[in-house]
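Peer 1: just coords:
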C-alpha cells in the first residue's frame with residue numbers, strides 16, 4: 001500500500017523520537033544489563049516499529065527490526081545476558097533503521113543499501129555463536145573520497161594514524177596536508193545536511209502551552225487595539241509609528257500562532273471510510289461516502305471534540321438511515337446509498353453537515369417509542385410539533401431500534417453527540433424528510449478566535465457583527481424612508497434594487513425602547529443561511545479585529561449572542577449571532593409562512609388606491625407571470641420528495657389534505673419534461689392559491705416581487721389560463737387567470 005502523506009509524516013516523527021530514546025536506553029542498559037523493565041520497554045518499541053513497518057509496506061525496515069526483536073526477546077526472557085557486542089549490534093540496528101527512514105523521507109522508498117551484515121550479526125548473537133570481526137568504513141571518509149577531496153591512499157594512511165592518535169580524522173588529514181581546510185568544512189556540512197530528518201524540522205508542543213500562548217496573544221491584540229486607538233487621536237508621529245509597528249507585528253504573531261493550532265478536518269474524516277466499510281458489511285448495505293471541505297481547518301481542541309460525535313452520527317446513519325439495497329430498489333432509489341460530509345467556515349463558526357439519502361426519520365415511530373419508553377406522555381407526544389418530536393432522539397436512553405446490536409440500540413449515540421457538541425458551546429440541528437434522507441447540522445462557535453467584525457452601536461452600547469455575515473451597508477435619509485421602507489401587515493420591508501428584504505430593528509430584538517428620533521437610519525444587510533435581511537442600528541462605528549471570548553453560563557443559551565469581546569476603548573461588547581437574530585425576528589423559519597406578508601399587502605391602510613395588488617413570479621430565466629395577490633394564501637418551499645403522482649396528476653400532502661399542483665409550464669404551453677419544475681434542485685417553491693372554497697398549489701421557479709399597479713391589458717390571452725399580457729415594471733408580463741387555468745387543466749380542487 002502507498003501510505004497516506006500525513007500518516008507517513010506522523011510515523012517518521014514518532015519513530016525518530018523513539019530511536020533517539022533507544023540510543024539512550026541502550027547506553028543505560030549496558031551499565032545495568034539486568035534492568036528487565038528497560039529491556040522490556042526497548043522490546044516493545046522495536047516490536048511496534050516492526051508491526052507499523054509491515055502495515056506501511058516497508059519490508060527492509062520490517063526485516064531489520066525483526067532481527068533486533070529476536071535478540072531482545074531472548075534478552076528479555078533471561079536466556080542471554082547483554083554484553084558490549086550485543087549493545088553495538090543493537091545500536092547498529094538503530095543506525096540502520098535511521099538510514100532507511102532517511103531514504104523513505106527523501107524519496108519515498110527504502111533505498112538500495114543492504115543491511116544483511118547487521119541482520120547476520122544479530123542472528124548470530126541470537127543463536128549464541130562466537131563473534132566475527134567486522135570492519136567499518138567511516139562515513140566522513142566516504143564523503144571525502146566521493147567528492148574527490150582526498151585520495152584513497154591518503155585516507156588509508158590517516159585511518160592507520162588515527163589508531164594511535166586521539167585527534168579526529170579530519171584534523172589528521174588537514175595536519176598531514178592531505179586535504180584543504182575548506183574541503184573538510186564542505187564535507188562536514190554535507191554530512192550534517194544528510195543527517196537532517198523530519199524530527200529536526202518539527203517539534204511536539206503540549207496543547208496546554210498553546211492554549212496559554214493563545215490567551216496571551218488575545219490579550220496582546222486587545223492591548224494593540226487600545227494603543228492604536230489612542231495613537232489615532234494624538235498628533236504624535238512617534239506614537240503613531242510605534243503603534244503601526246505594534247499592529248503589524250501583533251497581526252503576524254497572531255496569525256502564526258493560530259496556524260500552529262489548526263488542523264484540517266481530514267485528520268478526522270480519514271478514519272470514517274473504514275467505519276463506513278465495516279458497518280456496510282455488518283449491516284448488509286452498500287454506501288458511498290463523499291467529503292467536501294476536507295481542507296477546512298479547525299482548532300486542535302475542536303478536532304478532538306468532534307471526533308466521537310462524528311463517529312456516532314455515521315454509525316446511526318448506517319444503521320437507522322440508509323436502507324438495504326433491496327429496500328432502496330423497491331423505493332426507486334439506486335442500490336448504493338450516499339453519505340456526504342461537508343465542512344465550512346461561516347460567521348466565525350465551524351459548520352459541519354452530515355447528509356444521507358436514506359429513509360429519513362419516521363416521526364410517528366419516534367413519538368410511539370417515546371411514549372413506550374416513558375420519555376413523554378401520550379398526550380404530550382402527539383401535541384408536539386414535528387420539530388419538537390425530532391429533538392426526542394437526542395434524549396438520553398432514547399432509541400428507535402427494536403433490539404440491541406453491536407451497532408446501535410442502547411440509546412447513547414445521539415445523546416453523546418449532543419452532549420459533546422454542547423460542551424464546546426456548539427449546537428446540533430436535525431432536518432429530516434421521510435423517504436428522502438436526513439441532514440444533521442453541527443455549528444461550533446470558536447471559543448477563542450480573532451476575527452474581523454463591524455462595530456455598531458445602539459444607544460450607548462456597542463455590538464460586534466462578524467464580517468463573514470456582512471453583505472453591505474445602507475444609509476437611508478429621512479426623506480426617503482416613506483419610499484424605500486414599506487409596511488406589509490405591520491412588518492417593515494426594505495426595497496433594495498427592486499427586491500424586498502425583511503427589516504429587523506435591533507432595538508426590538510433586544511427589547512430596548514424605540515428611538516424617538518425620525519432622522520436617517522442605518523441598515524446592515526446581513527446573510528443568514530440562504531436568507532438576506534436588513535438590521536437597523538443606531539450607528540455604524542468601524543471595523544476591528546476582535547478577540548472572541550465565550551459567554552458566561554447566564555448568557556450561553558441566549559441564541560442572539562455568539563460571544564463577547566473587549567473593544568479598543570476597554571468596553572465590553574457582545575457579538576451578535578446573525579442566524580440567531582434572524583430566527584428571533586422570524587426571518588429564518590421552517591416553512592416560509594408568508595400570510596402576514598401577503599394578506600395585509602392588499603390593505604387599503606397601507607396602499608390605498610395604489611392599484612391592483614399582484615404577485616410577480618418567474619418561470620425559467622425569461623417568462624414573467626403576474627397573479628392576483630388576493631388569491632395567494634401562503635408561500636411554501638417543499639422538498640421534491642414530498643411531491644407524489646396520483647392518476648398522472650402531481651399532488652402533495654398539505655395540512656391534512658391532498659393539494660393538487662399545477663406548473664407554469666403546463667399553463668404557458670411549455671414542454672413539461674417529466675413535469676418537474678425543479679428537477680435539478682432538491683426543493684421547489686409552491687404558491688398556495690385559495691378562493692376560500694378550494695385550493696391549488698402553483699409550482700414556480702422564483703418569486704420576484706409584490707407590486708401595486710394599474711394593469712392595462714395590451715394583448716388578449718391566446719391560451720386558456722392566460723388572460724393577456726401587460727407591461728409591469730417595464731417588462732412584458734403574462735397575466736394568470738387561476739380559475740380558467742385550473743379548469744383548462746381538468747384539475748379537481750381540494751377543500
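Peer 2: Done, it's in. The structure displayed is predicted, hence computed values, not measured ones.

Peer 1: most centrally placed residue in this protein?
Peer 2: residue 343 (2.5 Å; CA atoms, centre = their mean).

Peer 1: now do the SS call for it.
Peer 2: Classification of residue 343 using DSSP: H, G, I helix; E, B strand; the rest coil returns strand.

Peer 1: which residues touch it?
Peer 2: Contact analysis of residue 343 by CB atoms under 8 Å, 6 or more residues apart in numbering lists 265, 292, 293, 294, 296, 298, 350, 351, 352, 353. Where C-beta positions appear, they are placed from N, C-alpha and C, glycine not excepted.

Peer 1: equivalent analysis for residue 346, please.
Peer 2: By CB under 8 Å, 6+ apart, the residues touching residue 346 are 468, 469.

Peer 1: wait, isn't residue 473 in contact with residue 525?
Peer 2: Yes - applying CB atoms under 8 Å, one finds residue 473 in contact with residue 525, separated by 7.2 Å.

Peer 1: these two: who's more crowded?
Peer 2: Applying other CB atoms under 10 Å to residue 473 and residue 525 shows that residue 525 carries more neighbours, namely 17 against 13.

Peer 1: counting neighbours, what do you get for the nearest residue to residue 562 once chain neighbours are set aside?
Peer 2: Excluding the flanking residues, the one nearest residue 562 by CB to CB, 6 or more residues apart in numbering is residue 577, at 4.0 Å. Neighbourhood size, residue 577 [other CB under 10 Å]: 26.

Peer 1: so residue 577 is in contact with residue 559, correct?
Peer 2: Yes - using CB under 8 Å, residue 577 is in contact with residue 559, at 6.2 Å.

Peer 1: OK, contacts around residue 643?
Peer 2: By CB under 8 Å, 6+ apart, the contact set of residue 643 is 650, 651, 652, 661, 684.

Peer 1: closest to residue 254 out of those residues?
Peer 2: Nearest to residue 254 among these: residue 684, at 46.2 Å, using CB to CB.

Peer 1: does the closest one count as helix, strand or coil?
Peer 2: Residue 684 is classified as strand under three-state DSSP.

Peer 1: the one 5 residues further on too?
Peer 2: The assignment at residue 689 comes out as strand when based on three-state DSSP.

Peer 1: for it, which non-adjacent residue is spatially closest?
Peer 2: Nearest non-adjacent residue to residue 689, counting by CB to CB, 6+ apart: residue 631, 4.7 Å away.

Peer 1: quick one: the strands in the stretch 351-500 of the chain?
Peer 2: Remark: strands assigned in the stretch 351-500 of the chain by DSSP state E, counting those that start in this stretch are 427-433, 437-445, 449-458, 461-466, 470-476, 485-488, 491-496, 499-505.

Peer 1: using a markdown table, lay out those strands together with mean pLDDT and distance to residue 140.
Peer 2: Listed next are those as a markdown table, based on pLDDT from 0 to 100; distance: least, CB to CB, whole Å:
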| stretch | mean pLDDT | distance to residue 140 |
| --- | --- | --- |
| strand 427-433 | 84 | 62 |
| strand 437-445 | 85 | 54 |
| strand 449-458 | 81 | 50 |
| strand 461-466 | 88 | 59 |
| strand 470-476 | 86 | 63 |
| strand 485-488 | 74 | 83 |
| strand 491-496 | 81 | 76 |
| strand 499-505 | 84 | 75 |
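
Peer 1: so which of those gets nearest residue 260?
Peer 2: That would be strand 449-458 among the strands of the stretch 351-500 of the chain, by CB to CB, at 13.9 Å.

Peer 1: show me the contact partners of the closest one.
Peer 2: For strand 449-458, the external contacting residues (CB under 8 Å, 6+ apart) are 217-218, 221, 254, 258, 299, 348, 462-468, 470, 506-507, 510, 512, 522, 524, 537-548, 565, 567, 573, 575.

Peer 1: excluding sequence neighbours, find me the nearest residue to residue 222.
Peer 2: Closest residue in space to residue 222, ignoring its immediate chain neighbours: residue 566 at 5.1 Å, by CB to CB, 6+ apart.

Peer 1: who does that neighbour form a beta bridge with?
Peer 2: Taking DSSP bridges, one finds residue 572 as the beta-bridge partners of residue 566.

Peer 1: neighbours of it, how many?
Peer 2: Residue 566 has 19 nearby residues by other CB under 10 Å.

Peer 1: cool, and residue 241?
Peer 2: Other residues within reach of residue 241, judged by other CB under 10 Å, total 11.

Peer 1: name the element it belongs to?
Peer 2: Here residue 241 sits within helix 237-261, counting by DSSP states H and E.

Peer 1: and that helix, what's buried?
Peer 2: Under the neighbour-count criterion of 16 or more other CB atoms under 10 Å, helix 237-261 has 243, 246, 247, 250, 253, 254, 257, 258, 261 buried.

Peer 1: go on, stretch 319-331?
Peer 2: 319, 320, 321, 322, 323, 325, 328.

Peer 1: could you do stretch 543-561 as well?
Peer 2: Per 16+ other CB under 10 Å, stretch 543-561 contains these buried residues: 544, 545, 546, 547, 548, 549, 550, 551, 560, 561.

Peer 1: end to end, how far does that stretch reach?
Peer 2: With CA to CA, to the nearest Å applied, stretch 543-561 spans 18 Å between its terminal residues.

Peer 1: which residues of the stretch 601-750 of the chain score low on pLDDT?
Peer 2: Residues of the stretch 601-750 of the chain that meet the criterion pLDDT under 70 lie in 601-612, 621, 655-656, 670-681, 691-693, 709, 717-718, 744-750.

Peer 1: can you give me the helices in it?
Peer 2: For the stretch 601-750 of the chain, helices defined by DSSP state H, counting those that start in this stretch occupy the ranges 604-607, 664-668, 738-744.

Peer 1: pull out the buried residues from the longest one.
Peer 2: Under the neighbour-count criterion of 16+ other CB under 10 Å, helix 738-744 has 738, 740, 741, 742, 744 buried.

Peer 1: just how off-centre is that helix within its chain?
Peer 2: Centroid displacement of helix 738-744 relative to its chain, using CA atoms, centre = their mean, to the nearest Å, is 48 Å.

Peer 1: hang on, residue 294 in a helix?
Peer 2: No - Residue 294 sits outside any helix when classified using three-state DSSP, being coil.
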